[in-house]
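1. Need coordinates for the following:
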Amino acid sequence: MIELVVKFLPYIFILYFLVRYSREPIYLLGIPFILLLRDSIFVNEAFIFGLPGSYGADIRFLGWFIIVWISISLKASFMIESNNQIAFNKQGLNKQDYIILALILISSIGLAQTLIEFNIIENVYIQYFTLLSLFLGYFMVKDILRYCNLQVLSDFLYNIVIINSIASVFYILHQGLHINIYGNKSEYLSIDFQGELITRTFWFMPVLWFFSISYLLVFNKNRSLVNIILLSVNLLGVFISYTRSFMGISVILFVIYYLLLGFKGNNFLNSIKKLIVTGLAGFVLFIAVSSFLPSSTNYFLNRFKELDEEPVDAQSNNLIYRFYKTDRMIYRMDAVKILFGYGSVTEKQSSFAKVVHIAAADMGYAEVIFRWGYLGLALFILLFISSIIKAFFLFLRNDGIVSQFALLLLLIIVSQLIEGFTSWIFMSPNRFAMGLWYFGVLSALIEFVKEKKERYKSIVY
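-> Numbers count the residues shown, from 1 in each chain. Below is the predicted model:
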């Protein structure tokens, strides 16, 4: 049974998105999203995604994304010419776009620097286009969203939440109940704890938990039973990952969500009440899970005790230790290159790239510094902070679905800003082309609101 699921599930998702694409072009964007989820929904088992080319997963990802982008553009243009109902929004450049363009410029300087400095340039161009795909994907997401209205986008993203929830179920079965879902592939960790086998794996972990949790909070649809189940599944997946920071981020998302609703509605008391009720519901869910999976619960709680170990301790791998590793990496960097970074350097040019790659698995900002230097890090920080501020004011000054999307994006961006201290985030291998997708959605939302205001002014005046 599992073998059949592994074999056919990716094709079922593809078929579904193709059928929906015939009516709503945005649904073809589902293909990059399932590529983003990769191993968690067995995409690597699908032969079709081994194409095109043989230049590595990130370049193949970019190739598929370009095909999707062109296909959506052509389909939408045809529908517009046929007088079908479809949105077509104008798009200019905003502050977020200029930050991305600056990062593209630094990447190109890094490529030139690498070609001049090293005699061996093997894989340099592949590395450059891998990094570039991060920014190309941003602009492709933004451009694709010209062709759909916000309600259609919301419905589409709900489908992505469902797929991530399906992936979470597989992950829970595999890691929580030890049902062999992913075959005999190696685990990150496998130990005997209180007489029970505890495994930890990140290769098959759904990467859209924080998006899914945020979406189900914001687009709650009167807290339907289905949404409550989906939210519970995603939270249980976070728990089964045994990742302290992930659970902390999940709690932060709930707190921010309710506080912002109270701030906008000028009713903090009601928001605090809802937050308390949600906390009690979460506690009940925790008790239920602990009675069903006692060893797993005790192991997770025991992980918090590790925080009492020595600050610079590889075993605890706490935040202080991650900063220590990043600091050692920066110490080894060339003083001249620390401003603009090492660009498109690979292990073929410098073995230092491998050291950085390992450090980035625990702190994504480490590789940001290595690739783009302190200037690039400053630009990424500016991108995060300015986007959070912009999303906040869009949420505050608008109502309806625009306000909901602004709040959704604010929650996602906050989650990714924090997660960058504990994992790859957008520097994750094999996912570069969709690494900044949520920033692309925000940029499109900014343009949508801007156009809406311009139309209103033209009608008034």
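2. give me the low-pLDDT residue ranges for the stretch 251-400 of the chain?
-> Scanning the stretch 251-400 of the chain for pLDDT under 70 picks out the ranges 306-317.
3. For the strand or helix carrying residue 283, buried residues please.
-> Taking DSSP states H and E as the definition, residue 283 sits inside helix 268-292. Across helix 268-292, burial judged by 16 or more other C-beta atoms under 10 Å covers 271, 275, 289-290. Just so you know, the C-beta spots here come from the backbone N, C-alpha and C atoms, and that holds for glycine as well.
4. can you put those residues in TSV and add distance to residue 36?
-> Converted to TSV, those look like this (distance: C-beta to C-beta, whole Å):
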residue	distance to residue 36
271	32
275	31
289	27
290	32
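5. any idea where the helices of the stretch 351-461 of the chain begin and end?
-> With DSSP state H, counting those that start in this stretch as the criterion, the stretch 351-461 of the chain has helices at 352-360, 364-397, 400-419, 437-460.
6. That should have said the stretch 51-200 of the chain, apologies.
-> Assigned by DSSP H, counting those that start in this stretch, the stretch 51-200 of the chain shows helices spanning 57-81, 95-117, 124-144, 150-171.
7. Just name the most buried of these.
-> Burial of the helices of the stretch 51-200 of the chain is given as mean neighbour count (mean count of other C-beta atoms under 10 Å); helix 124-144 ranks first at a mean of 22.
8. Return the list of helices and strands in contact with it.
-> Where contact means 3 or more C-beta pairs under 8 Å, 6 or more residues apart in numbering; DSSP states H and E, helix 124-144 is packed against helix 57-81, helix 95-117, helix 437-460.
9. what bits of the stretch 51-200 of the chain have low per-residue confidence?
-> 51-55, 81-89, 184-188.
10. does residue 206 sit in a helix, a strand or a coil?
-> Here residue 206 is recorded as coil under DSSP: H, G, I helix; E, B strand; the rest coil.
11. Same question for residue 49.
-> Under three-state DSSP, residue 49 comes out as helix.
12. ok, residue 6 touching residue 43?
-> No. With contacts counted by C-beta atoms under 8 Å, residue 6 stays clear of residue 43, the gap being 10.4 Å.
13. Next one: residue 124 from residue 278, what distance?
-> For residue 124, the distance to residue 278 equals 50 Å [C-beta to C-beta, to the nearest Å].
14. Could you list the buried residues of the helix or strand hosting residue 303?
-> If you go by DSSP H and E, residue 303 is part of helix 294-305. Within helix 294-305, the residues that qualify as buried are 296-297, 299-300, 303, counting by 16+ other C-beta under 10 Å.
15. just stretch 428-444 next, same as before
-> Within stretch 428-444, the residues that count as buried by 16+ other C-beta under 10 Å are 428, 430-444.
16. Out of those residues, which comes closest to residue 63?
-> Proximity of the buried residues of stretch 428-444 to residue 63 (C-beta to C-beta) peaks at residue 433, which lies at 9.0 Å.
17. Contacts only, for residue 304.
-> residue 244 (C-beta atoms under 8 Å, 6 or more residues apart in numbering).
18. Next: residue 21.
-> By C-beta under 8 Å, 6+ apart, the neighbours of residue 21 are 27-28, 71-72, 75.
19. again, only using 6 Å
-> When contacts are counted by C-beta atoms under 6 Å, 6 or more residues apart in numbering, residue 21 touches 27-28.
20. and if you look at the one 5 residues further on?
-> By C-beta under 6 Å, 6+ apart, the contact list for residue 26 reads 148, 152, 156.
21. again, only this time at 7 Å
-> Going by C-beta atoms under 7 Å, 6 or more residues apart in numbering, residue 26 touches 72, 144, 147-148, 152-153, 156.
22. Angles on the backbone of the spatially closest residue to it that is not a sequence neighbour, please.
-> Distances taken as C-beta to C-beta, 6 or more residues apart in numbering put residue 148 closest to residue 26, at 4.1 Å, once the chain neighbours are dropped. Here is the backbone geometry of residue 148 (degrees, to the nearest 10): phi -150, psi 150.
23. Residue 148 and residue 444: what is the separation?
-> 10 Å.
24. Likewise for residue 32?
-> Counting by C-beta to C-beta, the gap from residue 32 to residue 444 is 15 Å.
25. Kindly report the same for residue 177.
-> Using C-beta to C-beta, residue 177 is found at 40 Å from residue 444.
26. How many residues are close by residue 23?
-> 10 (other C-beta atoms under 10 Å).
27. where's it, which helix or strand?
-> Under the criterion DSSP H and E, no helix or strand holds residue 23.
28. So that it lines up with my notes, have the first residue be 36 from now on.
-> Shifting the count to begin at 36 puts that one at residue 58.
29. And it, how close does it get to residue 111?
-> 12 Å.
30. For the buried residues of stretch 463-479, which two are the farthest from each other?
-> Once C-beta to C-beta is applied, the buried residues of stretch 463-479 give 465 and 479 as the farthest pair, at 24.8 Å.
31. Can you get me a residue count around residue 487?
-> 13.
32. oh, I was asking about residue 371
-> Considering only other C-beta under 10 Å, residue 371 is surrounded by 7 other residues.
33. Thanks again, I'm all set now.
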